[in-house]
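Asks: take this sequence and fold it.
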Amino acid sequence: MQDRAAERQDIMQLSHLYARGLDRFDPEEALSAFSDDAVWDATAVGLERFEGRAKIREFFERDAASVADQFHIITNHIVEFDGPDTAHGTNYVFSEGHATTGAKFRAAALNADTYVRTPSGWRIASRVISPLTPPELEGFDA
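Replies: Numbers count the residues shown, from 1 in each chain. Below you'll find the predicted structure:
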């Protein structure tokens, strides 16, 4: 269905905005991918769980201040629609970088997402990040 193809692209773009925002140390751009009441949960990879834009923003700001360099590659998107205004999906993320302390981090993970259509367009309502391989986070504390 043509309508869904465009919506699927819009949803996939959310993960790319998120990654670019993180990699440019632009917490607002990363946060723009999320709904107001979003959940970001990376407890399975050794980080934390945050609920709501304010808490997620605080984490993204701490991350931007504590990271010297990083990159995120997000691929293998699957998006399935649950209704006219909701969807869920997965994508793979590979991330690597260095903290300002010199600590190196690397992770290959699965993002399990739910999406919601808002007045501003599609947004990530929840993102649960699980490791695909053991994460390397020694010395990293964002």
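
Asks: which helix or strand contains E80?
Replies: Using DSSP states H and E, E80 falls within strand 67-81.

Asks: how far off centre is that strand?
Replies: Centroid separation for strand 67-81 versus its chain: 7 Å, with CA atoms, centre = their mean, to the nearest Å.

Asks: show me the contact partners of that strand.
Replies: Residues outside strand 67-81 that contact it (CB atoms under 8 Å, 6 or more residues apart in numbering): 4, 7-8, 11-12, 15-16, 18-19, 22-23, 25, 87-100, 102, 105, 111, 115, 142. C-beta: built from backbone N, CA, C; applies to glycine.

Asks: what residues sit buried inside that strand?
Replies: For strand 67-81, the neighbour count (16 or more other CB atoms under 10 Å) marks V67, Q70, H72, I74, H77, V79, F81 as buried.

Asks: repeat for stretch 48-63
Replies: The neighbour-count check on stretch 48-63 (16+ other CB under 10 Å) flags F50, R53, I56, R57, F59, F60, E61, D63 as buried.

Asks: now the buried members of the contacts of strand 67-81.
Replies: Among the contacts of strand 67-81, those scoring as buried are 7-8, 11-12, 15, 18-19, 22-23, 25, 87-89, 91, 93, 95, 97, 99, 105, 111, 115, 142 (criterion: 16+ other CB under 10 Å).

Asks: tell me the spacing between E29 and A125.
Replies: Noted for E29: a distance of 18 Å to A125, by CB to CB, to the nearest Å.

Asks: so those two - more neighbours on which side?
Replies: Each of E29 and A125 has its neighbours counted (other CB atoms under 10 Å); A125 has more, 20 against 17.

Asks: tell me which stretches of the protein form strands.
Replies: Secondary structure of the chain (DSSP state E): strands located at 34-41, 49-51, 67-81, 86-99, 104-118, 121-131.

Asks: select, out of these, the one closest to L137.
Replies: Minimum separation from L137 across the strands of the chain (CB to CB) falls at strand 104-118, 5.1 Å.
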